[in-house]
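K.L.:
here you go, sequence then predicted model.
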Amino acid sequence: MDSRQFRTAMGNFTTGVTVIVTELDGQEYGMTANAFMSLSLDPMKVIISVGENAKILSKIKESGKFSVNILSADQQELSMIFAGQIKEPRKVDFDYLDGKPVIPNALAQVTCDVSSEYVEGDHTLFVGDVTDLCLEEGDPLVFYGGRYCSLAKEEQVVYK
Ligand code: FAD
């Protein structure tokens, strides 16, 4: 078992794509992330996982707040910007919800206050108390096997 095998195995887990955003001293910082989960319904809590080398790590620790923005299929470019896959700096405009920066037109904007953090291996897990939400209609951006994909509507089966 090596780390490449582990990455390949984890890449077989299909996810949506989010951009985590925080703000410190009037400056917004974003990072693309798919290590995101809904943790608790009552009270509403989510978890994100941030790598130890990510610049946003210290910013979230200091600001104590973040937003999770679930991207739509037509927001792949934003994912690439905030993953450093597009190298040239781009100007990104943010909206604000509950005093926290959010990505305009994301399928869901979820604002959080950090309630606890746990260092595990080379990542830090942040548990966030959800403070506000905003929803948009649309199809999600999907990530599978290290590639961006979208849902093929005609092949969808709906289970109830
Ligand atoms: P930075 O250089 O600080 O930021 C990354 C990019 O965002 C830079 O190009 C920067 O210019 C741009 N940027 C930041 N703020 C702004 C702004 N205000 N305006 C305009 N541009 C801005 N890593 C994890 O730790 N956890 C995960 O769950 C995770 N999931 C991922 C899922 C996917 C699909 C992908 C592609 C990557 C994922 N990553 C994850 C990796 C992570 O996105 C990259 O390592 C990221 O670039 C690291 O951020 P940084 O803070 O080190 O880099």
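P.N.:
That came in fine, so what should we check first?
K.L.:
tell me which element the spatially closest residue to residue 149 that is not a sequence neighbour falls in.
P.N.:
Closest residue to residue 149 apart from its sequence neighbours, by Cβ to Cβ, 6 or more residues apart in numbering: residue 142 at 4.5 Å. For every residue, glycine as well, the C-beta is placed using N, CA and C. For residue 142, the element it lies in under DSSP states H and E is strand 141-144.
K.L.:
and that strand with the ligand, contact?
P.N.:
Yes - Strand 141-144 lies within reach of the ligand by Cβ under 6 Å from any ligand atom, at residue 143.
K.L.:
begin at 29 from now on, thanks
P.N.:
All right, first residue 29 from here; so that's strand 169-172.
K.L.:
CA atoms only for that strand - export them in CSV, please.
P.N.:
Taking Å, rounded to 0.1, in the frame of the first residue of the first chain, the C-alpha atoms of strand 169-172 are listed here in CSV:
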residue,chain,number,x,y,z
LEU,A,169,-20.1,20.4,-10.5
VAL,A,170,-18.8,16.9,-9.9
PHE,A,171,-15.3,15.5,-9.2
TYR,A,172,-14.3,11.9,-9.9
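K.L.:
that strand packs against which elements?
P.N.:
Applying 3 or more Cβ pairs under 8 Å, 6 or more residues apart in numbering; DSSP states H and E, we find strand 169-172 packed against strand 43-44, strand 175-178.
K.L.:
low-scoring stretches of the protein, by residue?
P.N.:
For the chain, the stretches flagged by pLDDT under 70 are 181-188.
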